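*Asks:* give the three-dimensional model of this entry:
(2 chains)
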There are 2 protein chains.
Amino acid sequence: MDNETLRLIDRHASVREYLDKPVEDAVLDKILKAACNGSTMGNMQLFSIIVTRDRGMKEKMAPFHFNQPMATAAPVILTFCADFHRFNRYCECRNANSQAYSNMQAYHWATADAMIAAQNACVAAESLGLGICWLGTIIFNAHEFVKALELPKHVVPVACIAMGYPAAKPEPAAKLNFSDLVHCETYKDYSDERIDDVYRDKEQSAETARVLAENPDLENVAQVITQRRYKQDDNEYFSDILMKTLKDQGFV
Amino acid sequence: MDNETLRLIDRHASVREYLDKPVEDAVLDKILKAACNGSTMGNMQLFSIIVTRDRGMKEKMAPFHFNQPMATAAPVILTFCADFHRFNRYCECRNANSQAYSNMQAYHWATADAMIAAQNACVAAESLGLGICWLGTIIFNAHEFVKALELPKHVVPVACIAMGYPAAKPEPAAKLNFSDLVHCETYKDYSDERIDDVYRDKEQSAETARVLAENPDLENVAQVITQRRYKQDDNEYFSDILMKTLKDQGFV
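*Replies:* Have a look, this model is predicted:
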C-alpha cells in the first residue's frame, strides 16, 4: 500500500545544514506552485509567500529569528503570511465591503491557508531533494518581520521555512507513537500512568540523553523545555507582542 | 523534474461526494501516521487528532458544521486540535512548570503543529486514492466541538478534514496564478490595475459564471462573498465566540 509520497513523508527530518548551492529558479517555482495549490477557505486564497534569497535581507532578519544558523545559512527562506489585504483590495475594486474581515475569524482563515501552503511547500521541496526546517521564531517577533518585509495591514507572517540542498542526512527526531496522538470519537484524557507510557520511548532515546547531558542540573526534558527553552515569562512577553501585532495589522 | 508527489499536489481538488465505502483501518492508520510525522515546534508535538466514524457523532456535529453534506456523508472526519494539554500533563508528572503555556504564543505553536499534521494527512490520503475536503466551519463553532468531542482545557479544534473514496472526479477550483501570490524580498502592493490582472482569469472562469447565475442580483464574486457567504456581522459574531473559546480553553 506504500507509495512514493508516503515514503517521502515517512523519511521527513528537519535539515539545518545546507550545501553552498543555490536553489534553481525552476525548482523554486515548482515548490511555490505546489504551495499555492492546496485547499483554501472559500477559494479566497488568503495568503502570500515572501521569498528571501538576498543575503542582506537574511542578515537583517537574523536577529528576529534569534540568530538561528538556518536563518542565514539556507539559500532560500520562504515566509508565509496570512493575507487578507489582497482580497480586501479586490473588494475595494469591485464595490464590495472590504471591512468584513478585520476580525479574528478572518485571521484564522488566512492563517490556515498560509499553513496549508507552507506544508505543501515542504512536501514539494523534499520531493525535489531539498531539506527544510520550520523557523517557529517567525511568530515571536512578528512585528519585526512586518517591518522588514514591508507587510501592509491585514498581512501577518505566520510560518517560515528555511530550505536548501542538505549538507548531511539528519536523523529523524524521536517522536511519540502516532496512536498516542489519536483519539477515537472523543478525547480520552491522559492519566499519570498513560503519560509515563506515552513518553517512555522518547525519554529513553539518544536525543533525550544528549539534551540532558547539555543540561546536567535538570532532571528531564519537561524541565529543559519549561526552564530553558520556552519559559513562561518569555512566552507571556511574546504573546503580548503578538496580540499587539494582530491589532496593529487590523485583525483584532 | 516532475515526480509522483508533485503530480499528486498538482491534481488536488476538494472532493465533496463520497462512495458508500468505508476507509479501511490500515489505510486510515497510514494517513494518521503520516499526519504525525510532520515538523513540530521544539519536537513537542502539540496536537491531537480526533477520528469520527460513528454516525451518531457525525449527526451530533452536523449543525455546527452548518449541515454541510460532507460532515455526514464522509466515512471519516478528522478533527485536528491545537493541544497543549498532553504536554502540560507531562510537565505535571515531571515536576516542571505546567503554567507556562496558557497564552497566545502557545496557542499559535500548537495551531501550527495541528495544521502541519492536517495538510500531511490530506496529501497522504490523496496519495492513497481518497478525496478530501477541509471543513472551515470547525473554527466558527469551536465551542460546540469542544463540548461534542469532550476536549479538556488547552485543547482547541483548529482544522477538520472530511475524507472518503471519491464518488466523482471533481474539477479543480479556478485559482489565481501562483506568481501573483508570491513576493520577491518585500511585499509589493497591488494597484487597481494589478488587481484587475490578478483576478481576470478567475473572473472569466466557468466557476464564476455559475456563482453569478446563482446570485443574479449581484455584480461579481467579491459581492457574493461579502454579502452572502461571509458577512461582516457573522464574522464578528463568530470572532467573539472564538475569542471566548480560546479564553475558556485557557489560552488567553
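
*Asks:* quick check: A:Asp201 touching A:Ala174?
*Replies:* Yes: between A:Asp201 and A:Ala174 there is a contact at 7.1 Å, judged by CB atoms under 8 Å. In this view, the C-beta of every residue, glycine as well, is placed from N, C-alpha and C.

*Asks:* who are the packing partners of the helix or strand encompassing A:Arg210?
*Replies:* According to DSSP states H and E, A:Arg210 maps onto helix A:206-214. Helix A:206-214 makes packing contacts with helix A:221-224 when contacts are defined by 3 or more CB pairs under 8 Å, 6 or more residues apart in numbering or on different chains; DSSP states H and E.

*Asks:* the helix it packs on vs chain B: in contact?
*Replies:* Yes: judged by CB under 8 Å from any CB of the partner chain, helix A:221-224 comes into contact with chain B through A:Val221, A:Ala222, A:Gln223.

*Asks:* again, but for stretch A:68-79
*Replies:* No: for stretch A:68-79, no contact with chain B is found by CB under 8 Å from any CB; the gap never falls below 9.1 Å.

*Asks:* how far off centre is that stretch?
*Replies:* Averaging C-alpha positions (CA atoms, centre = their mean, to the nearest Å) puts stretch A:68-79 13 Å from its chain's average.

*Asks:* pull the residues that contact the one helix or strand A:Ile195 maps to.
*Replies:* Counting by DSSP H and E, the secondary-structure element that holds A:Ile195 is helix A:192-203. Contacts of helix A:192-203 with the rest of the structure, by CB atoms under 8 Å, 6 or more residues apart in numbering or on different chains, involve A:174-177, A:180, A:190, A:208, A:220-221, B:86, B:89-90, B:93.

*Asks:* apply 10 Å and report the result again.
*Replies:* Under the criterion CB atoms under 10 Å, 6 or more residues apart in numbering or on different chains, residues A:173-177, A:179-181, A:188, A:190-191, A:208-209, A:212, A:220-222, B:43, B:45, B:86-87, B:89-94 lie in contact with helix A:192-203.

*Asks:* and for stretch A:14-28?
*Replies:* When contacts are defined by CB under 10 Å, 6+ apart, stretch A:14-28 is touched by residues A:30-31, A:51, A:53, A:68-70, A:73-76, A:78, A:121-122, A:124-126, A:128-134, A:162-170, A:172-173, B:1, B:39-40, B:43, B:182.

*Asks:* now a ChimeraX select for only the buried ones of those.
*Replies:* The ChimeraX selection below is limited to those of the contacts of stretch A:14-28 classed as buried (16 or more other CB atoms under 10 Å in any protein chain shown):
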select /A:30,31,51,53,68,70,73,74,75,76,78,121,122,124,125,126,128,130,131,132,133,134,162,163,164,165,166,173 /B:39,40,43,182
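
*Asks:* which single strand of chain A contains the most residues?
*Replies:* In chain A, assigned by DSSP state E, the strand with the most residues is strand A:155-164.

*Asks:* does any bit of that strand sit next to chain B?
*Replies:* Yes: for strand A:155-164, a contact with chain B is found by CB under 10 Å from any CB of the partner chain, at A:Val155, A:Val158, A:Ala159, A:Ile161.

*Asks:* and the strands in chain A?
*Replies:* According to DSSP E, the strands that chain A contains are A:47-52, A:76-83, A:131-134, A:155-164, A:182-184.

*Asks:* listing partners with orientation, what would you give for the second one?
*Replies:* Okay, so that is strand A:76-83. When sheet partners are counted by DSSP bridges, strand A:76-83 sits next to strand A:47-52 (antiparallel), strand A:155-164 (antiparallel).

*Asks:* now the first one: mean pLDDT?
*Replies:* If I follow you right, that is strand A:47-52. Per-residue pLDDT values over strand A:47-52 give a mean of 98.

*Asks:* run the chain-centre distance for it.
*Replies:* For strand A:47-52, the distance to the chain centre is 13 Å (CA atoms, centre = their mean).

*Asks:* and stretch A:35-54, by the same measure?
*Replies:* Relative to its parent chain, stretch A:35-54 has a centroid offset of 14 Å by CA atoms, centre = their mean.

*Asks:* how about that stretch: buried residues?
*Replies:* Those buried within stretch A:35-54 under the rule 16+ other CB under 10 Å are A:35-53.

*Asks:* next, the spatially closest residue to A:Asp10 that is not a sequence neighbour: phi, psi?
*Replies:* Of all residues not flanking A:Asp10 in the chain, B:Asn37 sits nearest, at 6.2 Å (CB to CB, 6 or more residues apart in numbering or on different chains). Main-chain torsions, B:Asn37, degrees, to the nearest 10: phi -110, psi 10.

*Asks:* spit out the contact partners of B:Asn37.
*Replies:* Neighbouring residues of B:Asn37 by CB under 10 Å, 6+ apart: A:6, A:9-13, A:172-173, A:175, A:178, B:116-117, B:120, B:124.

*Asks:* ditto for A:Thr245
*Replies:* Contacts of A:Thr245 (CB under 10 Å, 6+ apart): A:Ile139, A:Asn141, A:Ala142, A:His143, A:Glu144, A:Phe145, A:Val146, A:Val156, A:Pro157, A:Phe251, A:Val252.

*Asks:* report pLDDT for it.
*Replies:* The confidence metric pLDDT takes the value 98 at A:Thr245.

*Asks:* separation between it and chain B?
*Replies:* 10 Å (CB to the nearest CB, to the nearest Å).

*Asks:* same check on A:Pro152?
*Replies:* In this structure, A:Pro152 lies at 6 Å from chain B, with CB to the nearest CB as the measure.

*Asks:* same deal with A:Phe251?
*Replies:* A:Phe251 is 9 Å from chain B, where distance means CB to the nearest CB.

*Asks:* mind listing what the residue lying closest to that residue once chain neighbours are set aside touches?
*Replies:* Distance criterion CB to CB, 6+ apart; nearest residue to A:Phe251, sequence neighbours excluded, is A:Tyr107 at 4.0 Å. By CB under 10 Å, 6+ apart, A:Tyr107 lies in contact with A:46, A:82, A:84, A:101, A:154, A:156, A:158, A:246, A:249-252, B:239, B:242.

*Asks:* let me know the pLDDT of A:Tyr107.
*Replies:* Reported pLDDT at A:Tyr107 in the predicted model: 98.

*Asks:* one step back: which one of the contacts of B:Asn37 has the most neighbours?
*Replies:* The most crowded member of the contacts of B:Asn37 is B:Ala117, carrying 30 neighbours; neighbours defined as other CB atoms under 10 Å in any protein chain shown.

*Asks:* let me know whether it touches B:Thr79 as I believe.
*Replies:* No: with the criterion set as CB atoms under 10 Å, B:Ala117 and B:Thr79 do not qualify as a contacting pair; they are 11.2 Å apart.

*Asks:* identify the contacts common to the two.
*Replies:* With contacts defined as CB under 10 Å, 6+ apart, the residues adjacent to both B:Ala117 and B:Thr79 are B:Ser48, B:Ile49, B:Ala159.

*Asks:* could those go into TSV alongside distance to B:Pro22?
*Replies:* Written out in TSV, the entries for these read as follows (distance: CB to CB, whole Å):
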residue	distance to B:Pro22
B:Ser48	23
B:Ile49	18
B:Ala159	22
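
*Asks:* how about the helices in chain A?
*Replies:* Counting by DSSP state H, the segments of chain A that form helices are A:4-11, A:25-35, A:55-61, A:70-73, A:85-93, A:104-127, A:142-148, A:192-203, A:206-214, A:221-224, A:232-248.

*Asks:* B:Gln227 is nearest to which of those helices?
*Replies:* With CB to CB, the closest approach to B:Gln227 among these belongs to helix A:85-93: 10.5 Å.

*Asks:* how much space between A:Val123 and B:Leu8?
*Replies:* Distance of A:Val123 to B:Leu8, computed by CB to CB, to the nearest Å: 9 Å.

*Asks:* looking at those two, which is more packed in?
*Replies:* Per other CB under 10 Å, whichever of A:Val123 and B:Leu8 has more neighbours is A:Val123, with 28 against 20.
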